[in-house]
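K.L.:
below is the sequence, then the predicted model.
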Amino acid sequence: MAGEAEHGGSGFNIHPMDQFKVTPLFGGDSVHWYTPTNATLWMLLTVLAITLVMVVGARGRALIPSRAQSAAEVIYGFTRRMVEDVAGKEGMKYFPYILTVFLFILFANLLALLPTSFAPTSHIAVTGVLAVAVFVTVTAIGFVKHGAGFLKLFWVTSAPTVALRIVLAMIELISYFVRPLSHSVRLGGNMMAGHAVLKVFAGFAGALGLGAIFPIVAIVAVYGLELMVACIQAYVFAILTCVYLNDALHPGH
């Protein structure tokens, strides 16, 4: 009754954003930088899942691969081709970093689809750190390799006049520094929206009881869509990282 009064007195309450709350694992209400939380747990489980598939599952290197080895080889080959196609041969030096980012986001997204799980990639605190790390790394690579020549990235030599080049340079500069924001919000926003929709339909199914055929069908459809989104968002984050890396390696192109 107290819960109903708190949320407006209705017995039909759906709170899709509750699933994104970061809570301490071992009780208490306050969360500090050192507090183990549900987000910490699911990120650790993500690292464990990656290790089981990519290290333990593929360590045999059998001629006839197991399912885990096949999955590891497919992910490895797919990411390698993506890096080579977008960033070129020179970008292969940074393949381990891009593979690590791709694997973390992919497995975190997929594990978040398990019942009662937590989606760390729905939080800007997580996706923001990943995006800023990519931004700083790529910018550092650009200046280390090219020095002041990296600034060619912002100077559009094909523009007909100097005045237009200056305007375009300002636009390119703003666009460059917005990259971490767009990179992180795209991933976090998509994951949060999808999980919220799932929770809403699940709430309808629970409230309607035996008449919950439509919500259940909707849950199955949205769940399949979310499975696809989980993979696509990991791919989008990784391929944008490759694009930014290519800009750092070839700023004049």
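P.N.:
Here it is on my side, so go on.
K.L.:
what residue ranges in the chain score low on pLDDT?
P.N.:
Residues of the chain meeting the criterion pLDDT under 70: 1-13, 206, 209-212, 252-253.
K.L.:
make it 80
P.N.:
Within the chain, the ranges that satisfy pLDDT under 80 run 1-15, 27-29, 57-65, 158, 203-213, 215, 252-253.
K.L.:
show me the helices in it, by range?
P.N.:
Counting by DSSP state H, one finds helices in the chain at the ranges 2-6, 38-51, 67-91, 95-111, 124-146, 162-208, 213-249.
K.L.:
between those helices, which one is nearest to Leu153?
P.N.:
Closest to Leu153 of the helices of the chain, according to Cβ to Cβ: helix 213-249, at 5.7 Å. All C-beta spots, glycine's among them, are computed from the backbone N, C-alpha and C.
K.L.:
buried set for that closest one?
P.N.:
Across helix 213-249, burial judged by 16 or more other Cβ atoms under 10 Å covers 215, 218-219, 222, 226, 229-230, 233-242, 244-249.
K.L.:
centre of the chain to that helix, how far?
P.N.:
8 Å (Cα atoms, centre = their mean, to the nearest Å).
K.L.:
that helix packs against which elements?
P.N.:
helix 67-91, helix 95-111, helix 124-146, helix 162-208 (3 or more Cβ pairs under 8 Å, 6 or more residues apart in numbering; DSSP states H and E).
K.L.:
of the ones you listed, flag the one that's most buried.
P.N.:
helix 95-111 (a mean of 21; mean count of other Cβ atoms under 10 Å).
K.L.:
residue most distant from the centroid, the chain?
P.N.:
The outermost residue of the chain, judged against the average C-alpha position, is Thr161 (40.0 Å), by Cα atoms, centre = their mean.
K.L.:
for that one, what are phi and psi?
P.N.:
The phi/psi pair for Thr161 (degrees, to the nearest 10) reads phi -130, psi 160.
K.L.:
same question for Leu114.
P.N.:
Torsion angles, degrees, to the nearest 10, at Leu114: phi -70, psi 150.
K.L.:
just give me the neighbour total for it.
P.N.:
10 (other Cβ atoms under 10 Å).
K.L.:
if I look at it, how far off is Val156?
P.N.:
47 Å (Cβ to Cβ, to the nearest Å).
K.L.:
then stretch 244-253 to CSV, C-alphas only?
P.N.:
C-alpha atoms of stretch 244-253 as CSV (Å, rounded to 0.1, in the frame of the first residue of the first chain):
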residue,chain,number,x,y,z
TYR,A,244,38.9,8.1,-36.1
LEU,A,245,42.1,6.1,-36.2
ASN,A,246,42.3,6.4,-39.9
ASP,A,247,41.9,10.2,-39.6
ALA,A,248,44.8,10.2,-37.2
LEU,A,249,47.0,8.0,-39.4
HIS,A,250,46.1,9.9,-42.6
PRO,A,251,45.1,13.5,-41.7
GLY,A,252,45.6,14.9,-45.2
HIS,A,253,43.1,12.5,-46.8
